[in-house]
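with the sequence up front, the predicted model follows.
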Amino acid sequence: MDGFLDNVAQVNDTVNSFVWTKVGVWLLIAVGLLLTILTKCFQVSHFGHWIKKTVGSLFEKKVRSHTGERASISQFQALCTALAATVGVGNIAGVAGAIVTGGPGAVFWMWVAAFLGMMTNYSENILGIYFRRKNKQGEWSGGAMYYLQDGLGGYKHMKGIGKALAIIFAICAVLASFGIGNMGQVNKIVLNFTSAFDIPALSDKVLYTSADGESKVTLYMLIIGAVLLVLVGIVILGGLKRIANVAEKIIPFMVIMYILGSLIVIFVNISAVGKAFGSIFSMAFSSQALWGGAAGVTLKQIITMGCKRGVFSNEAGLGSSVMVHSNSNVVEPVKQGLWGIFEVFADTIVICTMTALTILTSGVIDLETGAHTAGSDATLVAESFNSVFKFGDFELGKYFIAIAILLFAFTTVLGWSHYGTKAVEYLAGSKSVIATRIYKAIFVGMILLGALLTSSLAWDISDTFNGMMMLPNLIGVLALSPLVMKLTKNYVDRRIKGMDIEPMLSHFPDIQAEHAQKIRETGED
């Protein structure tokens, strides 16, 4: 068993290094920067507009109300389901891990990745709506595989390449659903929950110990994994509607509670906020991080760590959340693109920043020496919360973080099960019904594997699958950037400047005509 895991880790390290360090991060930044320039920095120049059409529209019935259509879910449900898949371990353990490994400067590069990623995610969502179609069950199907096949493949002499990249993306999406969307999330749930709510009778029952003695599998871990397996199975077998219903109830509540808890910690330590920001900016461009756990880390590694953790958190560039955004009842591609901007903003600029400031202001890390008083990942965040929410021997912060990770990661698993299902549906074609059922059974079974894997291996595999999925998607987005410009200009001319021109709503003439008629009759977008 040890030899097998060692071989898996070695192969994974080689692939991970190539995909991320040599190609992925730089392509991610380049595509985000290009789209920001081509759309005239839309995320800033039209800040008021996208805020109004996202946060400002949450009280509108057409945004929040459930749709009776089998083909779609409401815009709010689409957002919650997308956030369910993005707001997870990356927002807590991922940020802590980035700081411990790459120093506080990694947080700056998370912000950079998020700022540019807003327009990458915006573009993905636009293309997802524009190229979506209905499957045999009458549900919308959209995602990078479709805009690679019909968009990139629509260029002269590019049909074969577009189809090949679509297949590669779909395969990588299935693999990524087992990594970022399953094993990595479940692993953190189990480790943090069993640590916070320890039951000696179960945790002392060791089923397996690694050769180095550092990793153990206990009966407690196995039981938690089995319970998660049952709960996830019950939800995903109900399809997207059930996943969306669960997500819209859990995500808003937990996001608000987590932000409030973080703000309390930051407010109590308000005097350290300036110093925390100073360390983030000063260490972002340091040629070598002279920081405790980050000692000897080069600038290139700091950038890579920040961007990797940023993508792990908000998924901008992966093309993943497109698959649920495409199920929205919206008919205007750019309207759903605005939700993509907000998704990245809420996930990284807001929630990840809350986590970073909580860690850097609470005293669990010495801002002078870099020494940290707690372990890495979520343990560091739990200690940050305990600095304020600890009453005698009662460590409320530890329990709060364990529950937060449980709910965030649980909903992430649900969201990613939908992504993997859509990828399998594309690959299977006419036999998609049988294939998706088999996939869901395997996906649920993988939950136990995630519960028993060592933390580092589960995390590293997730990183690799992210990168493998990201590359074909970014190639497609880059190739279709002229179309993104046209769709954006069409929207701005009609919706912001008030020009009377024909809307661009779909690649397919029948869907274009249907949606255009709906807009003319109801004025809905």
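Done, it's in.

where exactly do the strands run in the stretch 251-400 of the chain?
288-289, 297-298, 390-391, 394-395 (DSSP state E, counting those that start in this stretch).

same question for the second one, mean pLDDT?
Model confidence over strand 297-298, given as mean pLDDT, is 56.

state the number of residues packed around the residue lying closest to residue 435 once chain neighbours are set aside.
Nearest residue to residue 435 in three dimensions, chain neighbours excluded: residue 428, at 3.5 Å (CB to CB, 6 or more residues apart in numbering). Just so you know, the C-beta spots here come from the backbone N, C-alpha and C atoms, and that holds for glycine as well. Residue 428 has 16 neighbours, counted by other CB atoms under 10 Å.

quick one: residue 428 and residue 436 touch, right?
Yes: taking CB atoms under 8 Å as the definition, residue 428 is a contact partner of residue 436 at 7.2 Å.

where's residue 43, which helix or strand?
helix 42-45 (DSSP states H and E).

mind listing what's buried along the helix or strand that that helix is followed by?
Remark: after helix 42-45, the chain's next helix or strand is helix 47-53, criterion DSSP H and E. Residues of helix 47-53 classed as buried by neighbour count (16 or more other CB atoms under 10 Å): 49, 50, 53.

counting contacts, what elements does helix 47-53 pack onto?
helix 333-344 (3 or more CB pairs under 8 Å, 6 or more residues apart in numbering; DSSP states H and E).

before we move on, back to that, ok, the buried residues of helix 47-53 vs residue 401, which is closest?
Taking CB to CB as the measure, residue 50 is the one of the buried residues of helix 47-53 closest to residue 401, at 31.3 Å.

any idea how far residue 206 is from residue 216?
Remark: distance between residue 216 and residue 206 (CB to CB, to the nearest Å) = 5 Å.

make that residue 141, sorry
Applying CB to CB to residue 141 and residue 206 gives a distance of 46 Å.

more neighbours, those two?
Taking neighbours as other CB under 10 Å, residue 141 and residue 206 compare with residue 141 leading, 22 against 12.

thinking again about what came up before, weakest of the strands of the stretch 251-400 of the chain in terms of mean pLDDT?
strand 288-289 (a mean of 44).

that older thread, host element of the residue nearest to residue 435?
Following DSSP H and E, one finds residue 428 within helix 396-428.

got the CA positions of the helix or strand where residue 514 lies in PDB?
Taking DSSP H and E as the definition, residue 514 sits inside helix 509-522. Taking Å, rounded to 0.1, in the frame of the first residue of the first chain, the C-alpha atoms of helix 509-522 are listed here in PDB:
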ATOM      1  CA  PRO A 509     -30.900  29.900 -34.500                       C
ATOM      2  CA  ASP A 510     -33.900  28.200 -32.900                       C
ATOM      3  CA  ILE A 511     -32.900  29.100 -29.300                       C
ATOM      4  CA  GLN A 512     -31.900  32.600 -30.400                       C
ATOM      5  CA  ALA A 513     -35.300  33.200 -31.900                       C
ATOM      6  CA  GLU A 514     -37.100  31.800 -28.900                       C
ATOM      7  CA  HIS A 515     -35.200  33.900 -26.400                       C
ATOM      8  CA  ALA A 516     -35.400  37.000 -28.500                       C
ATOM      9  CA  GLN A 517     -39.100  36.600 -28.600                       C
ATOM     10  CA  LYS A 518     -39.200  36.200 -24.800                       C
ATOM     11  CA  ILE A 519     -37.300  39.500 -24.400                       C
ATOM     12  CA  ARG A 520     -39.600  41.300 -26.800                       C
ATOM     13  CA  GLU A 521     -42.700  40.100 -25.000                       C
ATOM     14  CA  THR A 522     -41.700  40.300 -21.400                       C
END
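
next, the angle from it to helix 333-344.
Put simply, helix 509-522 runs at 90 degrees to helix 333-344, going by axes from the mean of the first three to the mean of the last three CA atoms, to 10 degrees.

in helix 509-522, what's buried?
Buried residues in helix 509-522, defined by neighbour count with 16+ other CB under 10 Å: 511, 512, 515, 516.

my read is that the second one contacts residue 518, right?
No: using CB under 8 Å as the test, residue 512 is too far from residue 518 to be in contact (10.9 Å).

assess the claim that residue 99 and residue 105 are in contact.
No: applying CB under 8 Å, one finds residue 99 not in contact with residue 105, separated by 9.1 Å.

what about the two, which has more around it?
Higher neighbour count among residue 99 and residue 105: residue 99, with 33 against 27, using other CB under 10 Å.

mind listing what that one touches?
Applying CB atoms under 8 Å, 6 or more residues apart in numbering to residue 99 gives the contacts 106, 107, 356, 359, 360, 365, 380.

tabulate the buried residues of helix 47-53 (a markdown table), appending distance to residue 43.
A markdown table is the format used below for these (distance: CB to CB, whole Å):
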| residue | distance to residue 43 |
| --- | --- |
| 49 | 10 |
| 50 | 7 |
| 53 | 13 |
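
show me which of the residues you listed is closest to residue 173.
residue 50 (26.8 Å).

need the nearest residue in space to that closest one, chain neighbours excluded.
Nearest to residue 50 is residue 338, by CB to CB, 6+ apart, at 4.3 Å.

could you do residue 122 as well?
In this structure, residue 122 finds its nearest non-sequential neighbour in residue 337, 4.2 Å apart by CB to CB, 6+ apart.

burial count for the one you found?
Neighbourhood size, residue 337 [other CB under 10 Å]: 31.

distance check, it against residue 426.
The spacing between residue 337 and residue 426, counted by CB to CB, is 22 Å.

same question for residue 25.
When residue 25 is compared with residue 426 (using CB to CB), they lie 27 Å apart.

would you map the helices across the stretch 351-500 of the chain?
For the stretch 351-500 of the chain, the helices defined by DSSP state H, counting those that start in this stretch occupy 353-361, 378-386, 396-428, 432-452, 455-479, 481-491.

what's the last one in contact with?
Right, helix 481-491. With contact meaning CB under 8 Å, 6+ apart, helix 481-491 is reached by 34-35, 38-39, 42, 123, 126-127, 130, 151, 332-335, 337, 477, 501, 503-504.
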